[in-house]
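>>> only geometry, no sequence info:
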């Protein structure tokens with residue numbers, strides 16, 4: 001399989017986007033029902049996974065990308081799609097916990113604290129939606145990982161916001177990295193809606209910490225599972 005971090009326009013990701021563009025409104029409505037209509041407005045931050053560890057894994061097979069399973073392309077219940085949604089779910093668990101710890105610590109104050117509360121609520125709603133999606137696909141949701149944000153919180157507001165910006169950008173890249181591997185149009189629609197919101201969050205935080213709004217330029221760069229796992233490893237307890 002071609003590494004998703006090096007794909008050029010016209011490869012699997014863009015072909016998947018083209019297929020989605022041809023889908024009618026009923027398909028998109030079906031996705032919203034599958035993902036959980038009560039959480040349709042949820043926002044996502046960054047994606048992380050724990051591999052196959054007991055702390056909760058993304059179902060990552062050898063090679064770093066989800067396996068396709070035995071079901072035909074486009075099937076809602078393919079094992080590959082379940083793995084990808086669980087990969088995203090592990091991220092959302094991690095993110096929801098991060099923002100809750102930020103709020104509880106009292107290290108972030110003023111407008112930044114209000115943003116943290118807003119995003120944290122979004123993340124918890126997103127966890128609920130993704131868990132329902134895994135179940136609808138016929139899978140079992142992964143368990144929440146044990147997190148390790150002590151060093152980040154000890155660094156105060158500046159370090160917390162810098163970390164949030166880093167993971168926001170990582171999250172957008174992680175979802176984009178899986179777009180070409182998704183078989184179900186419903187799951188693809190979910191991933192694209194999350195990716196766009198993560199990118200907006202990233203743009204806001206980039207500006208707050210003095211980074212370019214679009215650090216990759218006019219075209220976003222995807223990230224592979226291996227790259228994401230390496231980046232979030234310090235935040236997950238062994």
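Cool, got the structure. Values in this document were obtained by computation on a predicted structure and should not be read as measured data.
>>> so where do the helices sit in the chain?
Assigned by DSSP state H, the helices in the chain fall at 12-22, 25-35, 79-105, 111-136, 150-154, 156-178, 185-208, 225-232.
>>> buried residues, the third one. List them.
It refers to helix 79-105. For helix 79-105, the neighbour count (16 or more other C-beta atoms under 10 Å) marks 79-103, 105 as buried. To be clear about C-beta, it is placed using only N, CA and C from the backbone, and glycine gets the same treatment.
>>> for this structure, give me the ranges with low pLDDT.
Scanning the chain for pLDDT under 70 picks out 1-76.
>>> how near is residue 226 to residue 233?
Computed as C-beta to C-beta, to the nearest Å, the residue 226 to residue 233 distance reads 11 Å.
>>> between those two, which one's more packed in?
Just comparing residue 226 and residue 233: by other C-beta atoms under 10 Å the higher neighbour count belongs to residue 226, 16 against 13.
>>> now the more buried one: how far from residue 94?
Per C-beta to C-beta, residue 226 is found 17 Å from residue 94.
>>> one more: residue 133?
Residue 133 is 17 Å from residue 94, by C-beta to C-beta.
>>> residues in contact with residue 215?
Each residue near residue 215 by C-beta atoms under 8 Å, 6 or more residues apart in numbering is listed here: 169, 206.
>>> pop out the phi and psi values for it.
Per-residue torsions, residue 215: phi -60, psi -20 (degrees, to the nearest 10).
>>> out of the helices of the chain, which one sits most buried?
The highest mean neighbour count among the helices of the chain, using mean count of other C-beta atoms under 10 Å, belongs to helix 79-105: a mean of 25.
>>> what packs against it?
Secondary-structure packing of helix 79-105 (3 or more C-beta pairs under 8 Å, 6 or more residues apart in numbering; DSSP states H and E): helix 111-136, helix 150-154, helix 156-178, helix 185-208, helix 225-232.
>>> other SSEs contacting the third one?
Meaning helix 156-178. helix 79-105, helix 111-136, helix 150-154, helix 185-208, helix 225-232.
>>> which of those helices sits closest to residue 166?
Proximity to residue 166 (C-beta to C-beta) singles out helix 225-232 among these, at 7.8 Å.
>>> quick one: work out the angle between that closest one and helix 156-178.
In terms of direction (axes from the mean of the first three to the mean of the last three C-alpha atoms, to 10 degrees), helix 225-232 departs from helix 156-178 by 170 degrees.
>>> could you give the angle of helix 225-232 to helix 79-105?
10 degrees.
>>> let me see the contact set for residue 205.
The contact partners of residue 205, by C-beta under 8 Å, 6+ apart, come to 161, 164, 165, 168.
>>> before we move on, what about residue 176?
Going by C-beta under 8 Å, 6+ apart, residue 176 touches 13, 195, 220, 221, 222, 223.
>>> find the nearest non-adjacent residue to it, please.
residue 222 (4.1 Å; C-beta to C-beta, 6 or more residues apart in numbering).
>>> was I right to think the one you found contacts residue 173?
Yes: under the criterion of C-beta atoms under 8 Å, residue 222 makes contact with residue 173 at 5.7 Å.
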